[in-house]
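Chemist: okay, structure incoming, though there's no sequence with it:
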């Protein structure tokens with residue numbers, strides 16, 4: 001197993017497992033984690049023996065969303081912080097770190113399986129949904145409360161294509177938690193299994209997929225992705241990305257961001273939402 005810093009990388013046969021490893025922050029995505037995640041996918045792509053990638057997470061939660069502490073705190077040394085002081089810099093940051101990295105996972109040439117337990121919130125939803133398959137533990141729940149902060153959701157609008165358009169409107173406008181069983185009913189996730197069985201079940205699924213010749217699996221994935229794109233998915237995603245840029249720069253959204261800076265995590269924001 002390789003420790004890349006905030007991500008662990010391991011290979012067993014034809015299956016690589018990438019593990020988000022910031023459990024103390026519920027695997028919130030800061031700059032370091034996103035860069036380490038990209039490095040892990042580089043390793044998996046370069047390894048000809050790997051045909052399936054499992055994206056897992058350490059601790060109780062898959063991912064609690066973006067960790068923007070480093071890019072909004074004036075005293076932080078995050079290399080993107082100063083750039084976000086201008087609209088052009090903010091656009092560059094969110095294009096490189098959020099849009100490009102999500103699209104990379106979605107179009108990755110090998111089959112990807114998200115292994116989700118606990119909270120999967122906002123950017124966590126975006127990342128998990130970029131994977132080809134999702135296996136959820138019974139404890140898993142999904143939420144995108146970002147509209148409450150006036151940011152029109154996160155950067156990539158996965159929800160309409162994951163659960164259907166009408167359900168996506170309710171999910172995002174209310175910011176409610178969707179339990180794993182409901183996500184299964186809507187076709188968002190492929191399987192829901194007991195928490196204790198999550199890793200074993202996901203690995204068995206990966207081994208099944210790995211029986212398909214790699215080129216066959218790659219071309220089949222590309223064909224299905226092309227079908228989605230021909231329905232206008234990536235055009236809609238790009239349109240949403242630019243709407244997100246506009247809305248997140250409005251006075252209302254900036255005021256909400258300032259309020260969020262007073263919270264220690266997305267967990268606190270979700271708790272405040274649930275109390276209202």
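Modeler: Good, I have the coordinates. Being a predicted model, the structure only gives us computed values, none of them experimental. Numbers count the residues shown, from 1 in each chain.

Chemist: thought residue 244 was touching residue 149?
Modeler: No - Residue 244 lies out of contact with residue 149 (Cβ atoms under 8 Å); the separation is 11.3 Å. Glycine gets a C-beta too; all of them are placed from N, C-alpha and C.

Chemist: all helices of the stretch 151-276 of the chain, in order?
Modeler: Per DSSP state H, counting those that start in this stretch, the stretch 151-276 of the chain carries helices over the ranges 159-163, 165-174, 180-185, 198-209, 214-230, 233-247, 251-260, 266-275.

Chemist: not counting the first one itself, show me its contacts.
Modeler: Residues outside helix 159-163 that contact it (Cβ atoms under 8 Å, 6 or more residues apart in numbering): 125, 129, 144, 153, 167-168, 171-172, 183, 186-188, 228, 233, 236.

Chemist: among those residues, show me the least confident.
Modeler: Within the set of these, pLDDT is lowest for residue 153 (87).

Chemist: my read is that that one contacts residue 241, right?
Modeler: No - with contact defined as Cβ under 8 Å, residue 153 does not count as touching residue 241 (10.1 Å).

Chemist: and residue 23, how many neighbours?
Modeler: Residues near residue 23, counting by other Cβ atoms under 10 Å, number 13.

Chemist: quick check: closest non-adjacent residue to it.
Modeler: residue 59 (2.8 Å; Cβ to Cβ, 6 or more residues apart in numbering).

Chemist: nearest to residue 48, of the helices of the stretch 151-276 of the chain?
Modeler: Between residue 48 and the helices of the stretch 151-276 of the chain, the shortest gap by Cβ to Cβ is with helix 214-230, which sits at 8.2 Å.

Chemist: ok, and what's touching the closest one?
Modeler: Counting by Cβ under 8 Å, 6+ apart, residues outside helix 214-230 touching it are 51, 106-107, 109-111, 132, 161, 209, 212, 234.

Chemist: so which of these belong to strands?
Modeler: residue 111 (DSSP state E).

Chemist: for the contacts of helix 214-230, which one is nearest residue 18?
Modeler: Looking across these and measuring by Cβ to Cβ, the closest to residue 18 is residue 110, at 11.5 Å.

Chemist: neighbours around that closest one, how many?
Modeler: Residue 110 has 21 neighbours, counted by other Cβ under 10 Å.

Chemist: before we move on, what about residue 196?
Modeler: The tally of other residues near residue 196 (other Cβ under 10 Å) stands at 10.
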